[in-house]
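[1] any chance you could fold what I've pasted below:
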Amino acid sequence: MKGSIMIQGTMSNAGKSVLAGGLCRVLRQDGYRVAPFKSQNMALNSFITRDGLEMGRAQVMQAEAAGIEPDAAMNPILLKPTNDTGSQVIINGRSVGNMSAVEYYRHKKEYIPYIMEAYEKLRRQYDVIVIEGAGSPAEINLKQDDIVNMGLAELVDAPVLLAGDIDRGGVFAQLIGTVMLLEEQERQRIRGLIINKFRGDVSILEPGLRMLEERAGIPVTGVVPYFHLDIDEEDSLTERFQKKDGAGLLEIAVIRLPRISNFTDIAPLEAMEEVNVRYVSSPAEFGSPDAVILPGSKNTIQDLLWMRQNGLEAKIIRHASSGGLVFGICGGYQMLGEEVSDPFGAEQKGTVRGMGLLPVRTVFSEEKTRTRVEGRFLSPGGILQELSGTAFEGYEIHMGESVLLESDDAGRTGRRALVEFSALQEPGRKAHTDGAWSGNVYGCYVHGIFDAPGCAKGFVSALLKEKGYDPSRVKVTDWKAYKEEQYDKLADIIQESLDMERIYQIIETGK
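    Numbering: from 1, shown residues only. Presented below is the predicted three-dimensional model:
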């Protein structure tokens, strides 16, 4: 079988990414070489491939489900919002600079050759391409220059499955309204409708399904239940931000920055039963955590000022001054230093005072660091001293360079790096030091720092020991094996919920 199939949705967060990932897993299990594709993704959650190129995490999740190495060709255009009206534009894994929405839409059709080149590369290598749309195909103000929904389906001649989210209400209006707003040739591309995130007895839904098919003139190819699996989701729409309570022995507060990026760095900790992770966005939500994590940000200066204005910065500084653990990753690491300066306007031009918890000064440059790394923790003091020598793998994505100071404004001695690593794609593999620590405050640029079982276990064990618990009770989670298990469970749900025989026919014949 050779072909393609495209998952479009009636709105953002209709479940396109996870449905596409589930189809990738089912196809892989059935022996097909399958790859995901999304021509244009808007996300702050990105990833660095082995050849040092940047792509959206949703397509990384789908590639993992398909059992293949992530490739930037799977996401040739990535938009990373820097503010409400502009984004950093990444083409084929490399940044081409920041653009306003108006400027990007003016140039959008010029990027079609890049999209087609990436798609053809995958088509030559794989049996089936599972394509994900974006938002809704019925956004009539954007349809003229569409390169991600029906416009892309036309370019690559892909049949479409349209998914609606019943959990948010009005699913019949979503699906029928979307179909009605499409042009006739676009409607003809839709081969099936999917109702996603259903809770309850499907038999109660049956009369509505028959009416839906009659009104839309398109068959329903499945009803997918609402489920809880640990699958990477898109940025601000993820449900993990809403989780507040848990029964863990430890409580970790993750600062939910307005421009939070790569929150997947925290996922291995969330998967541990000893840990309750809460995402907090106000001082009232801060509570009394055992540790605070400052994640990545697409606009370090703006998010730092946001914390300063709403009082979260004061909460974090007070937590650190009382001996509490604070860990910053990438943008969060930059914020913990003495100063952040952006002289070229890479994110937001200007210089601001940092939180003063680490002896570090950061200056943004016009060049972006993109690299996969492997390394080890050096010899941090404080609560995390037992992490010394622990190995990890991860990746760096940042515009700034942070320099350890001889001493900080409080007179603390600098030059205390946190980790040492080498870049996977660097000839000769020369080791570099990165990050800093001071007391119980730590930071570095490495995304995925907790993915290695030893790092997650060491981090949690140290906190348990500090709290008086026996750290030997920590269960080691093999993060890769855990994710494989989640993808297999997702495939089971897709197999049971969708008419896979019909979907295979659609892929093979396009009809």
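
[2] could you tell me which ranges of this structure sit under the pLDDT cut-off?
    234-246, 407-415 (pLDDT under 70).

[3] list the contacts of the residue lying closest to Leu181 once chain neighbours are set aside.
    Ranked by Cβ to Cβ, 6 or more residues apart in numbering and with sequence neighbours excluded, the top spatial neighbour of Leu181 is Ala138, at 3.9 Å. Every C-beta, even on glycine, is put in place using the N, C-alpha and C of the backbone. Residues near Ala138 by Cβ atoms under 8 Å, 6 or more residues apart in numbering: Thr10, Gly177, Thr178, Leu181, Leu182.

[4] checking the third one next. Helix, strand or coil?
    The one in question is Thr178. Put simply, Thr178 is helix when judged by DSSP: H, G, I helix; E, B strand; the rest coil.

[5] before we move on, back to that, may I see the contacts of Ala138 arranged in CSV, with distance to Leu294 and neighbour count as well?
    Below are the contacts of Ala138 laid out as CSV (distance: Cβ to Cβ, whole Å; neighbours: other Cβ atoms under 10 Å):
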residue, distance to Leu294, neighbour count
Thr10, 36, 26
Gly177, 42, 15
Thr178, 40, 24
Leu181, 43, 15
Leu182, 44, 20
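
[6] so which of those is the closest to Gly324?
    For these, the residue nearest Gly324 by Cβ to Cβ is Thr10; the value is 44.5 Å.

[7] quick check: closest non-adjacent residue to that closest one.
    Gln174 (3.8 Å).

[8] the one you found against Ser12, yeah?
    No: if you go by Cβ atoms under 8 Å, Gln174 and Ser12 don't touch, sitting 12.0 Å apart.

[9] wait, a helix at the residue nearest to Leu181?
    No: remark: Ala138 does not belong to a helix; assigned using three-state DSSP, it is coil.

[10] measure it to Lys457 for me?
    48 Å (Cβ to Cβ, to the nearest Å).

[11] swap in Ile449?
    Distance from Ile449 to Lys457, by Cβ to Cβ: 13 Å.

[12] more neighbours: which of these two?
    Ile449 (27 against 21; other Cβ atoms under 10 Å).

[13] dump the residue contacts of that one.
    Contacts of Ile449 (Cβ under 8 Å, 6+ apart): Asp265, Ile329, Phe392, Gly394, Val419, Cys455.

[14] who wins on neighbours among those?
    That'd be Ile329 among these, by other Cβ under 10 Å, with 28 neighbours.

[15] hmm, it is touching Phe263, no?
    No: contact criterion Cβ under 8 Å: Ile329 and Phe263 do not qualify, at 9.9 Å.

[16] mutual contacts of the two, please.
    Pro295, Gly296.

[17] Cys24 is in what secondary structure piece?
    helix 16-29 (DSSP states H and E).

[18] what helices and strands are in contact with that helix?
    strand 3-9, strand 34-37, helix 57-66, strand 128-132, strand 160-165, helix 479-497 (3 or more Cβ pairs under 8 Å, 6 or more residues apart in numbering; DSSP states H and E).

[19] most tightly surrounded among those?
    Using mean count of other Cβ atoms under 10 Å, the stretch among the helices and strands packed on helix 16-29 with the greatest mean number of neighbours is strand 34-37 (a mean of 28).

[20] name the residues that touch it?
    20-21, 23-24, 27-28, 59, 62-63, 65-66, 68, 71, 73-75, 118-119, 122, 125-132.

[21] of all pairs in the contacts of Ile449, which one is the farthest apart?
    Asp265 and Val419 (14.1 Å).

[22] tell me the helix or strand right after the longest strand belonging to the chain.
    Identified as the longest strand of the chain according to DSSP state E is strand 360-377. Next helix or strand after strand 360-377 toward the C-terminus (DSSP H and E): strand 391-404.

[23] what helices or strands is that following strand leaning on?
    Using 3+ Cβ pairs under 8 Å, 6+ apart: strand 391-404 touches strand 46-48, helix 331-335, strand 360-377, strand 419-423, helix 453-467.

[24] so what does the second one touch, helix or strand wise?
    If contacts are counted by 3+ Cβ pairs under 8 Å, 6+ apart, helix 331-335 sits against strand 291-294, strand 296-297, helix 300-310, strand 360-377, strand 391-404, strand 441-444.

[25] thinking again about what came up before, which one's more surrounded, Gln174 and Ser12?
    It is Gln174, of Gln174 and Ser12, that has more neighbours when counted by other Cβ under 10 Å, with 24 against 14.

[26] wait, what's in contact with the more buried one?
    Gln174 neighbours (Cβ under 8 Å, 6+ apart): Thr10, Met11, Ala14, Gly164, Asp165.

[27] would you mind giving those residues as CSV with distance to Ala158 added?
    Formatted as CSV, the contacts of Gln174 follow (distance: Cβ to Cβ, whole Å):
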residue, distance to Ala158
Thr10, 18
Met11, 20
Ala14, 18
Gly164, 19
Asp165, 22
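
[28] what's the farthest-apart pair in those?
    Met11 and Gly164 (8.1 Å).
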